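# This is a predicted model, with the sequence first.
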Protein chains: 2
Amino acid sequence: MPTQTRRERAREERRTLILRAARDLAESEGWDAVTTRRLAEAVDYSQPVLYGHFKNMDAIADAVALEGIAELTEVFRAARSSATDDTAGLRALAQAYLEYADQHPAVYEAMFVRRTDLQFGRSETPASLTDAFNEIRAVVEPFATDDPESLTEVFWSALHGIATLTHGRRLRSTHHQARLETLVSRFIGNK
Amino acid sequence: MPTQTRRERAREERRTLILRAARDLAESEGWDAVTTRRLAEAVDYSQPVLYGHFKNMDAIADAVALEGIAELTEVFRAARSSATDDTAGLRALAQAYLEYADQHPAVYEAMFVRRTDLQFGRSETPASLTDAFNEIRAVVEPFATDDPESLTEVFWSALHGIATLTHGRRLRSTHHQARLETLVSRFIGNK
DNA sequence: TCTGAATCCTAGCACTGCTAGACAATCTAG
DNA sequence: CTAGATTGTCTAGCAGTGCTAGGATTCAGA
């Protein structure tokens, strides 16, 4: 039935409209500003409509997070493919990571800071989550001596720490490049 | 006047009572559960009393954070003094850091995750903040080749990343020790 | 005991997430 | 084309939030 599919398409469009509005609002005014009323007003519907698409507000943030992870994975791929050797690959990914976090703080927060129901380490983990992790792993692995998984986790943690502490104004607002180089030098093994 | 001082002492006691209640509530049910009403009930006063001691709820969390930073600094000192050489010092501090974050997640969140008005890098930074940072710096410095400040920031970032990603269930729930050893090995320079 | 000051609480505002129930639009079947 | 069922949407409301104005109460000093 074409009627049904048209309806479904309209529904799908409205879903993305909501996500788009939520993301824009979060990026411009922070997640605290993303309330049901403001979001409903932004998409020109009443609040209950939101609950027809998402279980609750947290589910909206989770959906934005999933979108962001797919984006981030693409950013990683681009960074990796632009590099000519292993060291350049590591540096490019690190730089790309910190840039993404800096330019999309709200999406970054939804992905890696906010409390979320998304399962990261489990078997039901969405493929996109493991995809992103594997991209990091790919650039870290050449420098691993024994346990690439742990090394990847630690490298990611360092990037995450730099991103969040910087955003929270807990690190010096300068020396971005110095921190990046310091991090990279410690992971390529002091050559 | 002894009357005045007794009053002031009572005021001070109530202030610490509030902080104690806030901290306990946050640790047992999370910061979302620390509302003015519940907190007021816990200390057996009405909400407005809270505002006689703190500008707003965020100021209460900030006060808990300051307390925590003093605690953490002591933990650092103990870890450092228990170590016999530089490598052991680095490892001991890292271990102590992650243990503290794991055992006091709410205080940790107040210190390093929640949005805060506390100034970290500026001149008006409370001394306790720089004290804690300097403790980290002290164990990192022996392994610095050129820029100890940046190296300290990166080491702290890695610890912070591991702590928060672990708490948010974004890293494997196992391999704690492996991550710690991996981190330490990268900072002592692959000996 | 009386007076002025310090202290504390009740009540309320504007906001939050979320939902029940009324209403309107649309599709289906006769 | 119409009657009935199904969707879709909105209004209104609940229980909770941070925070505050203003009145009641207690207390200190004369």
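Great, that's in hand.

# Run through the residues that contact A:A163.
A:Y97, A:L98, A:A101, A:D102, A:Y108 (C-beta atoms under 8 Å, 6 or more residues apart in numbering or on different chains). Glycine gets a C-beta too; all of them are placed from N, C-alpha and C.

# host element of it?
In the assignment (DSSP states H and E), A:A163 maps to helix A:148-167.

# for DNA strand D, what are the nearby residues on chain A?
A:R7, A:R11, A:Y45, A:S46, A:Q47, A:P48, A:V49, A:G52 (C-beta under 7 Å from any atom of the strand).

# I'd like to know which of the residues you listed are buried.
With burial judged by 16 or more other C-beta atoms under 10 Å in any protein chain shown, the buried subset of the residues of chain A next to DNA strand D is A:Y45.

# just curious, which of the residues of chain A next to DNA strand D is nearest to chain B?
A:Q47 (21.0 Å; C-beta to the nearest C-beta).

# That closest one contacts A:R37, correct?
Yes: shown here, A:Q47 and A:R37 form a contact pair, counting by C-beta atoms under 8 Å, at 6.2 Å.

# A:A132 and A:L93, how far apart?
Here the criterion is C-beta to C-beta, to the nearest Å. By it, A:A132 lies 11 Å from A:L93.

# So for these two, which residues contact both of them?
A:F76.

# of the two, who's got more company?
Remark: of A:A132 and A:L93, A:L93 carries more neighbours, 26 against 22, as counted by other C-beta atoms under 10 Å in any protein chain shown.

# Tally up the residues packed near A:D131, please.
Around A:D131 there are 16 residues (other C-beta under 10 Å).

# Which ones, among the residues of chain A next to DNA strand D, also lie beside chain B?
Among the residues of chain A next to DNA strand D, no residue lies close to chain B (C-beta under 8 Å from any C-beta of the partner chain).

# So for the worst-scoring helix or strand of chain A on mean pLDDT, what gets flagged as buried?
Least confident helix or strand, chain A: helix A:2-29 with a mean of 85, by mean pLDDT, DSSP states H and E. Of the residues in helix A:2-29, A:R14, A:I18, A:L19, A:A21, A:A22, A:R23, A:L25, A:A26, A:E27 count as buried by neighbour count, 16+ other C-beta under 10 Å.

# try stretch A:69-87
Neighbour count says stretch A:69-87 has A:I69, A:E71, A:L72, A:T73, A:V75, A:F76, A:R77, A:A79, A:R80, A:T87 buried, by 16+ other C-beta under 10 Å.

# residues making contact with that stretch?
Contacts to stretch A:69-87, defined as C-beta under 8 Å, 6+ apart, come from residues A:89, A:91-93, A:95-97, A:100, A:107, A:111, A:128-129, A:131-132, A:135-136, A:138-139, A:142-143, A:184, A:188, A:191.

# Can you go through those residues and name the buried ones?
Using 16+ other C-beta under 10 Å, the buried members of the contacts of stretch A:69-87 are A:89, A:91-93, A:95-97, A:100, A:107, A:111, A:128-129, A:131-132, A:135-136, A:138-139, A:143, A:184.

# What is the least confident helix or strand of chain A packed up against?
helix A:36-43, helix A:47-53, helix A:57-82, helix A:105-112 (3 or more C-beta pairs under 8 Å, 6 or more residues apart in numbering or on different chains; DSSP states H and E).

# and B:A33, which of those helices is closest to it?
Counting by C-beta to C-beta, B:A33 lies closest to helix A:57-82 out of these; the figure is 16.2 Å.

# Tell me if that closest one is near DNA strand C.
Yes: under the criterion of C-beta under 7 Å from any atom of the strand, DNA strand C is reached by helix A:57-82 at A:M57, A:D58.

# which ones are touching A:D102?
Residues counted as contacts of A:D102 (C-beta under 8 Å, 6+ apart) are A:A163, A:T166, A:H167.

# Contact partners for A:L66?
By C-beta under 8 Å, 6+ apart, the residues touching A:L66 are A:L118, A:P126, A:S128.

# ok, now with 7 Å
A:L66 makes contact with A:P126, A:S128, according to C-beta atoms under 7 Å, 6 or more residues apart in numbering or on different chains.

# which element is A:F133 on?
helix A:127-140.

# Need the contact partners of that helix.
For helix A:127-140, using C-beta under 7 Å, 6+ apart, the contacting residues are A:66, A:69-70, A:72-73, A:76-77, A:80, A:89-90, A:93, A:120, A:148, A:151-152, A:155-156.
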